[in-house]
Structures are given as C-alpha cells and as structure tokens.
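Colleague: below is the sequence, then the predicted model.
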Amino acid sequence: MNQIQKITSLVQELNEHRNVYYNLNAPTITDKEYDQLFDDLQHLETETGFIISNSPTQTVGYYPVSSLSKVQHPIPLLSLDKTKQVTESTALLARNPALLMLKLDGLTTKLVYEDGHLIQASTRGNGEVGKEVTHNLPAYQNVPLSIPYQKRLVITGESYIHINDFERLKETLTDSNGKKFRNARNLVSGTVRSLNPETCAKRCVYFLPPNIRIRKFMWTMWQLLLDAADPI
C-alpha cells in the first residue's frame, strides 16, 4: 500500500469512527486510538502534500457566497451533438479517430490546480463561459484540495451523485418549483450551483475525471479515488 492509498484508507476509517461516535453514540475505538490514527493521517498529508476534501483534518468550515461569478474558459469545453443512431456515430468515427468511453450522467466540472493547490472550480456552462463553484469543492466527498504536483493542472470531469444516495435524498428534497427531483443529474446540477456549501455537503457529491495519464502519479491518484467510490 503506497502513501496515497494509506491516506484514502485512513480518511475512510476515521470518518466511519466519527460517524458512530457523533451520530450513533456508539464509539468503536478509544479516544487515544482515534488520536493516533488522526496523527498518522496528518503526518502523511504533510509529507505527501495530498489532502482529500472530506479528510477529518480539514476543519475550516464552509463559506457560502452571495452569487456565482462567471468563468471564461480559455479552451472551450465543447460537447458533441446527441444522437441515438449508430450510423451517425460510425460516420463520425470514419472522419475522426476517437476514443469512446462510458460517461457519467452528471454535471461537467473543471478543476484548476496551481502550485499544488486547488484554486478554481467551474461548470461547463455554454462551453465558452461557465459558473465558478470553487466554494463548494471542500464539501465534495473525494476531491483533492492539495496535491504534490506543483505545475498548473487543469482537469475536466463529472460531478455526480451515486444512485443509492439519490434514492435516499429524493424522498425529502424538492426543486425550486416544489417538485421532487426526477433524476440524480438534476439534483447534482442544482447542488453544485448552490450558494451554501453546507447544502452540497449533505448531498454526497463526488467528482470523477476521464482517464488521466499526464503522469503515473496523477493516474494513480484518480484511480484510487475511483476505486474508493461506491458502485453507482
């Protein structure tokens, strides 16, 4: 098990202990044992520079915003036209070499890292201009807020909510029209654009990019986040 695997494992273990302690009033380990695990996690985070958004070491609170500012995408985040015809897809592939892969039905989101720190997150919007949602990223379940990679890194992926979480949440949540959310995509779309991160924190939002092979480290990091996520 490498250091990043140890971090993800400790985060999961500590959060499970926190849940049974605070929510179920049924602690499974002593305070001393918990503190030792916490110190181990904090040491690894300091040593690697890798910190996940739901790490128990991140105790700074959530900061709401009054509005969502616009973000101009230097490189447009384009989207292909929808089609249900196999002939149209094969015709496209005949004209342009392409890699086909399954896509999560979520909200396209772009993350920007500088000097190892997450500095901006935004939605795709119309492809040219999106909305800044950086304030909500600390409330995600699995986004690294700090990484060892020190150069500029831009990653595009999908913000999504697991189906099992959606099935649980849809019974108590309604949209702006007072109606129940019809699908997980509608729920995550409204959640990521919410002004208060506490709303996002309660809805179990995850981020997943396509396969990244910029560096072996980056690929390993995101693959671990994928492995740690529950089945959709």
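Modeller: Here it is on my side, so go on. All values reported here derive from a predicted model rather than from experimental measurement. Numbering: from 1, shown residues only.
Colleague: am I right that residue 156 falls within a strand?
Modeller: Yes - applying DSSP: H, G, I helix; E, B strand; the rest coil, one finds residue 156 inside a strand.
Colleague: ok, what's across the strand from it?
Modeller: Note on residue 156: beta-bridge partners by DSSP bridges are residue 110.
Colleague: so it touches residue 110, yeah?
Modeller: Yes - if you go by C-beta atoms under 8 Å, residue 156 and residue 110 touch, sitting 4.9 Å apart. Bear in mind the C-beta positions are built from the backbone N, C-alpha and C, glycine included.
Colleague: list the buried residues in the strand or helix carrying residue 168.
Modeller: Assigned by DSSP states H and E, residue 168 belongs to helix 163-169. Buried residues in helix 163-169, counted by 16 or more other C-beta atoms under 10 Å: 165-166, 169.
Colleague: again with stretch 202-209
Modeller: Residues of stretch 202-209 classed as buried: 203-209 (neighbour count, 16+ other C-beta under 10 Å).
Colleague: tell me the mean pLDDT for that stretch?
Modeller: Stretch 202-209 comes out with an average pLDDT of 90.
Colleague: and for stretch 39-58?
Modeller: For stretch 39-58, mean pLDDT rounds to 90.
Colleague: got the contact list for that stretch?
Modeller: Residues outside stretch 39-58 that contact it (C-beta atoms under 8 Å, 6 or more residues apart in numbering): 3-4, 6-8, 10-11, 14-15, 18, 38, 116, 137-148, 221.
Colleague: and stretch 136-148, by the same measure?
Modeller: With C-beta under 8 Å, 6+ apart, stretch 136-148 has contacts from 45, 48-54, 58, 60, 62, 111, 113, 116-118, 121, 153, 159, 191-192, 194, 197-198, 200-201, 204-207, 217, 221, 225, 228-229.
Colleague: what subset of the residues you listed is buried?
Modeller: Neighbour-count burial (16+ other C-beta under 10 Å) applied to the contacts of stretch 136-148 gives 45, 48, 50-54, 111, 113, 116, 118, 121, 153, 159, 191-192, 194, 197, 200-201, 204-207, 221, 225, 228.
Colleague: can you get me the start-to-end distance on stretch 70-85?
Modeller: End-to-end distance for stretch 70-85: 35 Å, by C-alpha to C-alpha, to the nearest Å.
Colleague: list residues touching both of residue 156 and residue 110?
Modeller: 77, 124.
Colleague: who's more crowded, the two?
Modeller: Set side by side, residue 156 and residue 110 show more neighbours around residue 110, with 21 against 16, by other C-beta atoms under 10 Å.
Colleague: quick one, what contacts the more buried one?
Modeller: Contacts of residue 110 by C-beta under 8 Å, 6+ apart are 73, 77, 121-124, 130, 154-156.
Colleague: where in this protein is pLDDT low?
Modeller: Applying pLDDT under 70 to the chain flags residues 59-61, 211-232.
Colleague: in strands, which of the contacts of stretch 39-58 fall?
Modeller: 144-146 (DSSP state E).
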